[in-house]
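Visitor: Here is a sequence together with a model predicted from it:
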Amino acid sequence: MRMSSLVGRTLKEVPKDAQTASHIFLLRGGYARQVSTGIYSLLPLGKRITRKIERLLRDEMDRIDGQEVLMPVVLPRELWEESGRYESVGPELLRMKDRNGKDMLLGMTHEEAVVALARTELTSYKQLPVMMYQIQTKYRDEARPRAGLIRVREFTMKDGYSFHDSQDSLESYYWRCHEAYERFFRRVGMKQVVSIESDTGMMGGSKAHEFMAVSEIGEDTIFLSPDGTYRANKEVATTALKFVSEAPLPLEPVSTPGQTTIDQVAKFLGVQPSQTGKAVFYRHHDGGLVFVVIRGDLEVNEAKLRRVVQSATLVPASDTQIRSIGSVPGYASPMGVDPTQCRIVFDRSAAESSNLVVGGNEADVHVKNFNFTRDMAAALSKIVVTDVAAVRAGDPCPLTGEPLIEARGIEVGNIFQLGVKYSAAMNANYLDEEGKLQPFIMGCYGIGVGRALAAVMEQSRDDNGPIWPISIAPYEVHVVGLFYGQEPVQTTADGFVAELEAAGIEVLLDDRDKKAGPMFADADLIGIPYRIVVSPKGLADGQVEVKSRDGAIHERVAVGEAVARVRGLVEDARRASL
């Protein structure tokens, strides 16, 4: 390919709306162009990269016995009503009507579609396990698209779905896919990807892992032990905090006029926030009240709490709702509250700590020396005690006891054990060995293609542009012909291209009539792994310049040895990426 014919121009200036490195280089390097908010067209360079990513995805999915299918982008309302998600999923699901007034939607994920496919094609346990996957366009009406291809509305995803006749079979395949994902991320050249336990969220199911490309621009917070043995998303992370256990002291009401926050109360009474109990109120999605008690220095992890109370959403309760159960905002206490009027959840930190300061359920009054077992004895059977606390950097790791490290990550893949959530709801069954109908036990496995491209760019770059791994680079060698119209530059450069392409190497030739500076700047923006610079000055000495985009190689090579040298570099890099 000649750059004089390449569709997609490089940009000198940083686009005003681009904030992250990958977004900036995506536009400046001529990989993609924005059509609308969160919607992009891929130019030839970007498309070549995504095609290679997709090839690697197919390679790894076929390796674990996946079978490729293709399901529609546009789906009927009825399928999503069968699963219950047509109403439960919010405005991110784009709903519409066709010309006949039939309710349709754009698929943001394809559990319903694949279950509909499975119930027509899979009938017996003898056919199981089976995994079907696709690489397909999806649409999520994202409220806040950001960072180029990191968070978009229209995107390409590899999504796979496995069907099993036992939990053991699902578990076995789940970890096979986990290994395939680890291989894939290594092969595309991501430098640091960690697999972490995660919340199942809207997908449902019993277990999930996310694959996070560690990056300062990541949307997700993750916690890691120093030795890497513990890795978890903030939504499920736990800690080994120790709680103070002492002999219970008598309850002691104290006047605390105007002291409504934990910091105010702690300062007023001369105690630490960790010696207080904090009351936090939420409204459940069914309208009921959720009353959480947690140690005063900690915060509630709402993802954990949603799972505990089985609520799709939780919003802060109003003062009126708090008063409706006999509590006073700013001075609320679990003591004296009827547990049938709300759902009371104690975090372990509040249940296992002694002699806490809590509200007095009376304006301007707090109570010292609250002890859960003693002071909630009448309601213990109706109270849930569990972990709903948000983990903090430096908290002790639950496995090693060492201080946890907080990092940011870009979610580049996820896997879920769905169980029978969709198959049972959609009446998708198979005949077991005894001839009885059983719902399929399912797993789900997703990787975003565009996100993978952007994540690699975030991790492999310098100030001048991306440094593409050989496995997904748009081309493998960039031949730059300075003063290309002059001889012998043109003949030499064309000869290099012909020899390299004959050896099966992908080559981009810069044959434009430009000065050296802009040509080198464009080469950096395009980020091809290896570069041959052919110039009149070098040829006068019988040499050309060979360099790698990462700067590790920069040498002058005899013209007659250049192709062999670059071919060896490419072949070594290919082997290393397998």
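Guide: Thanks, I have it. Numbering: from 1, shown residues only.

Visitor: show me where pLDDT drops low in the protein?
Guide: Residue ranges of the chain with pLDDT under 70: 199-206.

Visitor: Do I have it right that Tyr282 meets Pro316?
Guide: Yes. Counting by Cβ atoms under 8 Å, Pro316 is a contact partner of Tyr282 at 6.3 Å. Every C-beta, even on glycine, is put in place using the N, C-alpha and C of the backbone.

Visitor: more crowded one of the two?
Guide: Neighbours were counted for Tyr282 and for Pro316 using other Cβ atoms under 10 Å; Tyr282 has more, 25 against 10.

Visitor: contacting residues around the nearest residue to Lys97 once chain neighbours are set aside?
Guide: If the residues on either side of it in the chain are set aside, Lys97 comes closest to Asp103, at 6.0 Å by Cβ to Cβ, 6 or more residues apart in numbering. Asp103 makes contact with 76-77, 95-97 under the criterion Cβ atoms under 8 Å, 6 or more residues apart in numbering.

Visitor: and Ser169, how many neighbours?
Guide: By other Cβ under 10 Å, neighbour count at Ser169 equals 17.

Visitor: just to confirm, which helix or strand has it in it?
Guide: Secondary structure from DSSP states H and E places Ser169 in helix 167-187.

Visitor: mind listing what's buried in that helix?
Guide: Counting neighbours by 16 or more other Cβ atoms under 10 Å, one finds that the buried residues in helix 167-187 are 169-170, 173-174, 177, 180-181, 184-185, 187.

Visitor: do the same with stretch 429-446
Guide: Neighbour counts using 16+ other Cβ under 10 Å place 429-430, 438-446 of stretch 429-446 among the buried residues.

Visitor: Can you lay out those as TSV showing secondary structure?
Guide: Putting those into TSV (DSSP: H, G, I helix; E, B strand; the rest coil) gives the following:
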residue	secondary structure
Asn429	strand
Tyr430	strand
Gln438	strand
Pro439	strand
Phe440	coil
Ile441	strand
Met442	strand
Gly443	strand
Cys444	strand
Tyr445	strand
Gly446	strand
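
Visitor: Now do the same contact list for the residue nearest to Leu224 when sequence neighbours are not counted.
Guide: Excluding the flanking residues, the one nearest Leu224 by Cβ to Cβ, 6+ apart is Ile405, at 4.8 Å. Taking Cβ under 8 Å, 6+ apart, we find Ile405 in contact with 223-226, 393.

Visitor: Output the buried residues of helix 167-187 as CSV; include the columns distance to Ala232.
Guide: Output for these, formatted as CSV (distance: Cβ to Cβ, whole Å):
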residue, distance to Ala232
Ser169, 26
Leu170, 22
Tyr173, 23
Tyr174, 17
Cys177, 19
Ala180, 22
Tyr181, 17
Phe184, 22
Phe185, 18
Arg187, 25
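
Visitor: just those residues now: which is nearest Thr238?
Guide: Tyr174 (21.4 Å; Cβ to Cβ).

Visitor: phi, psi of Pro466?
Guide: Phi and psi for Pro466, reported as degrees, to the nearest 10, are phi -80, psi 160.

Visitor: List the beta-bridge partners for it.
Guide: On the basis of DSSP bridges, Pro466 is bridged to Arg461.

Visitor: Could you pull up the residues touching Ile447?
Guide: Contacts of Ile447 by Cβ under 8 Å, 6+ apart are 57, 157-158, 181, 184, 412-413.

Visitor: Can you flag the buried ones in the contacts of Ile405?
Guide: Among those, the ones that count as buried by 16+ other Cβ under 10 Å are 223-225.

Visitor: Narrow those to those in strands?
Guide: 223-224 (DSSP state E).

Visitor: could the buried ones among the contacts of Ile405 go into CSV alongside distance to Thr260?
Guide: Written out in CSV, the entries for these read as follows (distance: Cβ to Cβ, whole Å):
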residue, distance to Thr260
Phe223, 31
Leu224, 37
Ser225, 37
